[in-house]
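*Asks:* Show me the folded form of this:
(chains A and B)
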Amino acid sequence: MSYSAAFKDHLANPRNVGELPEASVVVEENNPVCGDRLRLSLIVRAETIEAARYLAYGCPPTLVSGSVLTELIVGTTIEAAKKLTRNDLLNAIGGLPSRKHHAATLAIEALKKALP
Amino acid sequence: MTERRIYLDHSATTPVDPRVAEAMARAVVQVFGNPSSVHGYGQQARAAVDRARREVAALIDARPNEIVFTSGGTEANNLAIRGACEASVAHGQHIITSAIEHPSVRGVCAALEQRGWEVTRLPVYENGIVRVEDVREAIRPDTVLVSVMLANNEIGTMQPVAEIGAIVRELRAAKQRHLFLHTDAVQAAGRMTLNVEELGCDLLTMSAHKLYAPKGIGALYVRRGVKLTGQNIGGHQERERRAGTENVPGILAFGEAARLAGEELNERTTHDSLLRERFEQKVTDLIPDIVLNGDRRQRLPHLSNISFRYIEGEGLLINLDLQGVAVSTGSACSSGTLEPSPVIRALGVSDEVARGSIRFSFGKENNESEVDYVVEVLVQAVERLRALSPLNRPLVVS
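*Replies:* Take a look at the predicted model:
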């Protein structure tokens, strides 16, 4: 287990945790193989993601992927958010072992599901 | 992030006792002879190994010549099961074991299965204990070996080995059966009074690094008269059971650790169980939605396995590690598999409960102030992770 400093920071101090009572959209994605789960709530106004919150259950990479994802998308346009890839997320996390890449995939899938 | 470091993973391994380290260092420098050599250097090493063998034998009330030193618990389990089965193949090809054995026992049984052996894996129930009547029912005319661990490494539950031993002996005596009992006592040896006569076992596995000695040394007790096919081929060491020049420094360290464990057994057991009691009391009072895994009474004194609902074990483990607290988890993530611990699953709990399990195992260098600190950081970590969990909140899709 050799996680990056960014990873550990997000795990100890997750950002944007919770749900948005005024959310424009709430989605939940789960990985049927390992049972990991990620819930994403967004407030979208004028084609821009104004706020994002997440909840996650699963291994640390899943928890961290949710936290990092919300940081990446708040303030961006829907168009820009749609272009976000798993690799962008992995880079922002500071890398994950390949067998944990599915955690980043889950977060990107949730985002795709939330966007129009 | 923090200066404080607390080790609560004594079931994984223990810190080396300074007295054991000293004995080992002396051996490395002063006892370099080969115990098989006829000259004085060799005889000095042989005498030292024999003293250590007596100490290890005393830990389980066995005769010294019934102790075979190995490289550790895994090798001892391999030698016991493969060795006994290979020597017994003319009498049958059926093994009985439990669903909660250590991977080294599980793996050897699975490997024998690949070679045509039949394996019955006895269930445990929600208390994590094998039922004696299940063992009795599972024994067939072609059963040659029963292998049931003495105490489980993840949940600490004690298995009814003495009762199983009585059945095996009774059958062996009545029907002149070729049937033996092996028990993996890696977690129990040095943590409770053990007597191979009372246990009725024919083979018993021990590992030194669970009792404050270094890694790389273990032992198999082989009852007088039990035939084993050696798995290491070469010289005549260990009465033909395990070829290879003896790990003299390791053996002397094991001997010293066994002597100390015997001397300090009551003190250590009381110490560990008081810390465990303090810990479980506080955790139960302060953290809701937890499951204490395994039987409350029939278990090792130093170990506590708790599932924290709605969260996954590895996240909790890393959070605790960042605060200087070392524990382990049966969650799938840290084991590198997708399935959570087979041991916790064998208790009949859900995947979610299995994934949220953490093992805390105490040892002689821990103290009450450490327990209080661990509880403090544990409460915070569980709250933080639960705040993150979608499992206890209904999903309202917009």
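*Asks:* Any regions of the stretch 251-398 of chain B where pLDDT drops low?
*Replies:* B:332-338, B:397-398 (pLDDT under 70).
*Asks:* hey, where'd the strands end up in it?
*Replies:* Assigned by DSSP state E, counting those that start in this stretch, the strands in the stretch 251-398 of chain B fall at B:290-292, B:303-308, B:325-326, B:328-329, B:357-361.
*Asks:* Which of those strands has the highest mean neighbour count?
*Replies:* strand B:357-361 (a mean of 27; mean count of other C-beta atoms under 10 Å in any protein chain shown). C-betas here are computed from N, CA, C, even on glycine.
*Asks:* pull the CA atoms of it into CSV?
*Replies:* Taking Å, rounded to 0.1, in the frame of the first residue of the first chain, the C-alpha atoms of strand B:357-361 are listed here in CSV:
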residue,chain,number,x,y,z
SER,B,357,-14.5,-5.9,10.2
ILE,B,358,-11.4,-4.9,12.0
ARG,B,359,-9.2,-7.0,14.2
PHE,B,360,-7.6,-5.4,17.2
SER,B,361,-5.0,-7.7,18.9
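*Asks:* quick one: it to chain centroid distance?
*Replies:* The chain centre lies 14 Å from the centre of strand B:357-361; the measure is C-alpha atoms, centre = their mean, to the nearest Å.
*Asks:* where do the helices sit along the stretch 251-398 of chain B?
*Replies:* Along the stretch 251-398 of chain B, counting by DSSP state H, counting those that start in this stretch, helices occupy B:313-322, B:332-335, B:342-345, B:351-355, B:368-387.
*Asks:* Okay, angle between the longest one and strand B:357-361 too, please.
*Replies:* Here helix B:368-387 runs at an angle of 170 degrees relative to strand B:357-361 (axes from the mean of the first three to the mean of the last three C-alpha atoms, to 10 degrees).
*Asks:* Now do helix B:368-387: which elements does it pack against?
*Replies:* For helix B:368-387, the packing partners by 3 or more C-beta pairs under 8 Å, 6 or more residues apart in numbering or on different chains; DSSP states H and E come out as strand B:6-7, helix B:248-286, helix B:313-322, strand B:325-326.
*Asks:* again, only this time at 7 Å
*Replies:* With contacts defined as 3 or more C-beta pairs under 7 Å, 6 or more residues apart in numbering or on different chains; DSSP states H and E, helix B:368-387 has these neighbours: strand B:6-7, helix B:248-286, helix B:313-322.
*Asks:* right, so of these, which gets closest to chain A?
*Replies:* helix B:313-322 (4.9 Å; C-beta to the nearest C-beta).
*Asks:* Please see if that closest one touches chain A.
*Replies:* Yes. Counting by C-beta under 7 Å from any C-beta of the partner chain, contacts between helix B:313-322 and chain A involve B:314-315, B:318-319, B:322.
*Asks:* so what are the domain limits for chain B?
*Replies:* B:6-15+B:265-386, B:18-260 (automatic domain parsing).
*Asks:* any idea where the strands of the stretch 51-200 of chain B begin and end?
*Replies:* B:67-70, B:94-98, B:118-122, B:143-147, B:180-184.
*Asks:* Now do stretch B:122-138: everything it contacts.
*Replies:* Contacts with stretch B:122-138, where a contact means C-beta atoms under 7 Å, 6 or more residues apart in numbering or on different chains, come from B:96, B:98-100, B:120, B:146, B:148, B:152, B:155, B:157, B:159-160, B:163-164, B:167, B:293-295, B:298, B:346-348.
*Asks:* try 6 Å
*Replies:* B:96, B:98-100, B:120, B:148, B:155, B:157, B:159-160, B:163-164, B:167, B:294-295, B:346-348 (C-beta atoms under 6 Å, 6 or more residues apart in numbering or on different chains).
*Asks:* Rebuild the helices of the stretch 251-398 of chain B as TSV, extending it with distance to B:A25 and mean neighbour count.
*Replies:* Shown next, in TSV, are these (distance: least, C-beta to C-beta, whole Å; neighbours: other C-beta atoms under 10 Å in any protein chain shown):
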stretch	distance to B:A25	mean neighbour count
helix B:313-322	30	23
helix B:332-335	34	21
helix B:342-345	37	23
helix B:351-355	43	21
helix B:368-387	28	18
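*Asks:* Tell me which of the ones you listed lies nearest to A:E109.
*Replies:* Smallest distance to A:E109 across the helices of the stretch 251-398 of chain B (C-beta to C-beta): 19.0 Å, for helix B:332-335.
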